[in-house]
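Trainee: have a look; sequence and predicted model below, questions after that.
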Amino acid sequence: MEIPPRSPDGSEKSPQSKELVTSNTGSTLCMSSRSESVWTSASRSKWEIYHKPVIVVSVGAAIFLFGMVITSLSCFLTKNKKVYKMCGPAFLSLGLMLLVCGLVWIPIIRKKQKQRQKSQFLQSLKSFFFNR
């Protein structure tokens with residue numbers, strides 16, 4: 001007769017029975033993958049909805065303006081001219097990229113808000129007709 005090996009933690013369960021033990025990882029994963037605003041119907045203010053793209057647009061605009069200043073300094077100052085000519089366009093492109101990303105993000109959020117309102121309306125219609 002062969003004795004099954006003991007597990008390292010000292011428990012008597014076999015490895016096969018450990019695999020059959022259910023865990024709550026699936027439900028926790030589902031809960032953590034969604035934000036709470038999807039599950040709750042509490043209305044949010046405009047700032048709560050649009051604060052991230054507004055911050056990205058403002059930072060992008062500031063970096064873009066900083067790049068314009070540095071690029072213009074390369075025209076007026078003779079000392080460190082090569083540094084200004086290298087850094088200026090880099091800040092210009094980075095600022096423009098952030099500015100465009102933020103400006104594109106705003107219509108995407110608007111579209112999602114409209115879809116969410118439509119789905120909530122359809123859910124209320126379903127519950128009205130099917131839960132009689």
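Mentor: Looks like it arrived, so ask away.

Trainee: contacts, neighbours, all on C-alpha from now
Mentor: OK.

Trainee: so where is this protein shaky, pLDDT-wise?
Mentor: In the predicted model of the chain, residues 1-42, 132 satisfy pLDDT under 70.

Trainee: looking at it, which helix is longest?
Mentor: Using DSSP state H, we find that the single longest helix of the chain is helix 81-130.

Trainee: which helices and strands does that helix pack with?
Mentor: Packed against helix 81-130 by the contact rule (3 or more CA pairs under 8 Å, 6 or more residues apart in numbering; DSSP states H and E) you find helix 46-76.

Trainee: start and end of stretch 68-83, how far apart?
Mentor: 14 Å (CA to CA, to the nearest Å).

Trainee: that older thread, the longest helix of the chain vs helix 46-76, what angle?
Mentor: 160 degrees (axes from the mean of the first three to the mean of the last three CA atoms, to 10 degrees).

Trainee: hang on, isn't residue 50 packed against residue 107?
Mentor: No - Residue 50 is not in contact with residue 107 according to CA atoms under 8 Å; the separation is 10.2 Å.

Trainee: so these two - more neighbours on which side?
Mentor: Taking neighbours as other CA atoms under 10 Å, residue 50 and residue 107 compare with residue 50 leading, 15 against 11.

Trainee: now the more buried one, nearest residue through space, not along the chain?
Mentor: residue 106 (7.1 Å; CA to CA, 6 or more residues apart in numbering).

Trainee: what about that neighbour, neighbour count?
Mentor: Neighbour count for residue 106, taken as other CA under 10 Å: 17.

Trainee: ok, now residue 74?
Mentor: 19.

Trainee: ok, it touching residue 81?
Mentor: Yes - judged on CA under 8 Å, residue 74 makes contact with residue 81 at a distance of 5.1 Å.

Trainee: for residue 79, give me phi and psi.
Mentor: phi -80, psi 140 (degrees, to the nearest 10).

Trainee: what sits up against stretch 48-62?
Mentor: Residues outside stretch 48-62 that contact it (CA atoms under 8 Å, 6 or more residues apart in numbering): 94-103, 105-106, 109.

Trainee: the same query, at a cut-off of 7 Å, please.
Mentor: The contact list for stretch 48-62, computed with CA atoms under 7 Å, 6 or more residues apart in numbering, reads 95-96, 98-99, 102-103, 105-106.
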